[in-house]
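> Sequence first, then the predicted structure, then my questions.
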Amino acid sequence: MMKSNQHCFIVFYILIFLFVFTLSPIYSQLTYFTDVTVTNVYHQYVGKVTLENDAIENGQDELGIYVTDNNGGTILIGAAIIGETYSGYYFISVFGDESGTVIKDGAYMNDVFTFKIWDKSNDKLYVLSNDNSLSVETVAGVNTPELPPRFQSGFGSQYGYLHLVARNEDLLAHMISFNAIPQTDQIQLSWATSMEIDNAGFYIFRKDPLSNAFHLISDPLIPSKGYEFSGATYCFSDPHVVYDAKYIYQLRSVDLNGQQTIIQTTDSLSIIEKNNGSCSLRLDLTGDCQLNMADIIRLMKILGH
């Protein structure tokens, strides 16, 4: 009797996996993780996705899986819309390298996976970096994923369950502060991060008084200075402003694949009216949004001349 029940459970789980991996999509197409190269070498994974402080939007939020390209970048080897076939769960194929091609277009054997979750409604990208962001649940009839997950030899194998949790500390660039300071002839932006994961840098966008859209004003990219275990401070000044006009600024992070994520948007700002009857002395002479010894040395050099 025990063997019969066990056999029934195995058949039941196999039927579930056959169903979910062959079911046609019922939601919209991928909009964030869109550059997957499909090859003839693949495996399939299934699991539950949880956002720590929010709810998954089935059919909207997306999952991408990356491996190194062995050249300082990454390759997207799999992508799926979360909740596309079953609420809160993902079902994804991850593709291996095509041996007949010159360049690496998929995962090599034993390549470690990096999981990224895109929260569409909040336009936030989570890069799962913590040990407690991944967990395994054994399921009869399918392979149990290892931790950390790696691309295995062979092809066509099914792995489950590999559960994913996106936490606040998994954000691409975890922000400490973002400030916008109006001055007499410019608006100065400064921000600080506590950690940065796969972050190439930042863009500043601005919405002008006569425009309904944000436009890029920080070209080229402001390069990342932070790391996985330490953040950095940044400063950007916008001198192309006029008095009494209202501006809104938007800070976006850019990952190593060029994908942009909105970090924060300011309130409406305008520059301060000049007071010709008084002397205005700006002490941030080094342009780093801080008053420190470097500014004092610069000031002494100016006064010395």
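Good, I have the coordinates.
> residues touching the closest residue to Asn168 other than its chain neighbours, list them.
Among residues not flanking Asn168 along the chain, Glu52 sits closest, at 6.1 Å (Cβ to Cβ, 6 or more residues apart in numbering). Every residue, glycine included, has its C-beta placed from N, CA and C. When contacts are counted by Cβ atoms under 8 Å, 6 or more residues apart in numbering, Glu52 touches 165-168.
> Would you write a PyMOL line that selects the buried entries of these?
PyMOL command restricting these to the buried ones, with burial defined by 16 or more other Cβ atoms under 10 Å:
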select buried, resi 165+166+167
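> Out of the contacts of Glu52, which sit inside strands?
Taking DSSP state E, the ones among the contacts of Glu52 that sit in strands are 165-166.
> What is the nearest of the contacts of Glu52 to Tyr243?
Asn168 (39.2 Å; Cβ to Cβ).
> For that closest one, list the residues it contacts.
Per Cβ under 8 Å, 6+ apart, neighbours of Asn168: 52-53, 174.
> how about Ser177, phi and psi?
With angles defined as degrees, to the nearest 10, Ser177 sits at phi -160, psi 160.
> In this structure it contacts Ala192, no?
Yes: with contacts counted by Cβ atoms under 8 Å, Ser177 reaches Ala192, the gap being 5.1 Å.
> Now do stretch 119-126: everything it contacts.
Here stretch 119-126 has contacts from 31-32, 51, 54, 57, 60-62, 116-118, 166-167, 170-172, 253, 255, 259, 261-262, using Cβ under 8 Å, 6+ apart.
> What are the buried residues along that stretch?
Buried, per 16+ other Cβ under 10 Å, within stretch 119-126: 119-120, 124-126.
> if you average pLDDT over it, what comes out?
Averaging pLDDT along stretch 119-126 gives 86.
> Also stretch 177-193?
For stretch 177-193, mean pLDDT is 91.
> Tell me which helix or strand comes right after the lowest-mean-pLDDT helix or strand in the chain.
For the chain, counting by mean pLDDT, DSSP states H and E, helix 2-22 ranks last in confidence among helices and strands (a mean of 47). As assigned by DSSP states H and E, the chain's next helix or strand after helix 2-22 is strand 42-51.
> could you say what helices and strands that next one packs with?
helix 2-22, strand 89-95, strand 114-119, strand 158-159, strand 162-166 (3 or more Cβ pairs under 8 Å, 6 or more residues apart in numbering; DSSP states H and E).
> what separates the second one from the chain centre, distance-wise?
So that's strand 89-95. Chain-centre distance of strand 89-95: 18 Å, with Cα atoms, centre = their mean, to the nearest Å.
> just to revisit the earlier point, is it possible to get TSV of the contacts of Asn168 that adds distance to Gly154 and pLDDT?
Shown next, in TSV, are the contacts of Asn168 (distance: Cβ to Cβ, whole Å; pLDDT from 0 to 100):
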residue	distance to Gly154	pLDDT
Glu52	35	86
Asn53	39	76
His174	38	79
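> Which pLDDT value goes with Leu285?
51.
> hmm, I was thinking of Thr31
90.
> ok, it - contacts?
62, 120.
> and it, how far is that from Leu147?
30 Å (Cβ to Cβ, to the nearest Å).
> Give me the residue ranges of this protein where confidence is low.
1-28, 130, 273-305 (pLDDT under 70).
> domain assignment for it?
Following automatic domain parsing, the chain resolves into domains at 2-170, 173-300.
> Distance from the first one to the middle of the chain?
The chain centroid and the centroid of domain 2-170 are separated by 16 Å under Cα atoms, centre = their mean.
> coming back round to it: identify, from the buried residues of stretch 119-126, the entry nearest to Thr68.
Leu125 (18.3 Å).
> now the closest one: how far from Tyr66?
Taken as Cβ to Cβ, the span from Leu125 to Tyr66 is 12 Å.
> ok, back up a step: restricted to buried residues, select the contacts of stretch 119-126 in PyMOL.
A single PyMOL command is used to select the members of these judged buried by 16+ other Cβ under 10 Å:
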select buried, resi 32+51+60+61+62+116+117+118+166+167+170+171+172+253+255+259+261+262
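> so what's Gly160 up against?
Gly160 neighbours (Cβ under 8 Å, 6+ apart): 17, 45-47, 137, 139, 142-143, 145.
> one more time with 6 Å
Contact analysis of Gly160 by Cβ atoms under 6 Å, 6 or more residues apart in numbering lists 46, 139, 142.
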